[in-house]
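[1] Everything below, folded, please.
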Amino acid sequence: MRILKIVLTVTFAIGFIIPGCNVDLGCDCNEVLKYFDIKDFKAEFEFQNSGNSNSWQNLVGEIIYDTEYYGAAEQNEKKLYGLSFIPTASACSCPPDGWSGSEEGLDSLIITTINDYNASYPAGSNISDITEFYDYETGGYESFQSFVSRNTQAIFEQVHYFKLKEAPATTSTPFQLNIRITLDNGEAYNVTTQEITVNL
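    Numbering: from 1, shown residues only. Next up, the predicted model:
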């Protein structure tokens, strides 16, 4: 009897020491839809940081797509790892709808000023040369050309953030943009932002 107790005790201890997990079919993500289809978009501005909140350096633009989701996500079966007599609890989380991007690509993106911005960019100017877009992978901003190139085959984010690299001519400059997006399937969308005031 004593030997049986020792064997059971050792077996129980091994169950704790050797890590592992049972076969786990993962989360029930059947209702998650993989792709998003762009139906329209809106564009707006916000100022980040405190202090001179209307400073052009704190200005961030947002392109927000109006989308419909489609394409069911697939379940991935996890393998059995190691040995354990006590199953290890597995965290479970599903990706958000549209996590795999849009199968539509970006054909063109034209951003023009409604008002005079500075001497180089009067009203009606294309400001792509001074516009940078946020890159979710690096956590930094990339050039306009790099952003468009990266989204040519498919658009990966449902919201794009952008900022300017050049200051306005004067403080209290009225600032408003027209943004036109054309997708590789021929769909075209056109939006004019609200007018705001930016400072040096």
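
[2] May I ask which helix or strand of the protein has the lowest mean pLDDT?
    Every helix and strand in the chain was compared by mean pLDDT, DSSP states H and E; the lowest is strand 81-82, with a mean of 34.

[3] in the chain, which spans are strands?
    Using DSSP state E, the strands found in the chain span residues 20-21, 33-47, 59-72, 81-82, 106-113, 131-135, 140-143, 159-164, 173-175, 177-183, 188-192, 196-198.

[4] list the helices and strands the longest one packs on?
    Strand 33-47 sits against strand 59-72, strand 177-183, strand 188-192, with contacts defined as 3 or more CB pairs under 8 Å, 6 or more residues apart in numbering; DSSP states H and E. From N, CA and C alone the C-beta is placed, and that goes for glycine too.

[5] in this protein, which residue is closest to the centre?
    Centroid-nearest residue in the chain: Glu157, 4.2 Å away (criterion: CA atoms, centre = their mean).

[6] In space, what's closest to that residue - neighbours in sequence excluded?
    Leaving aside its chain neighbours, Glu157 sits nearest to Tyr136 (6.1 Å; criterion: CB to CB, 6 or more residues apart in numbering).

[7] For burial, what's the neighbour tally of the one you found?
    11 (other CB atoms under 10 Å).
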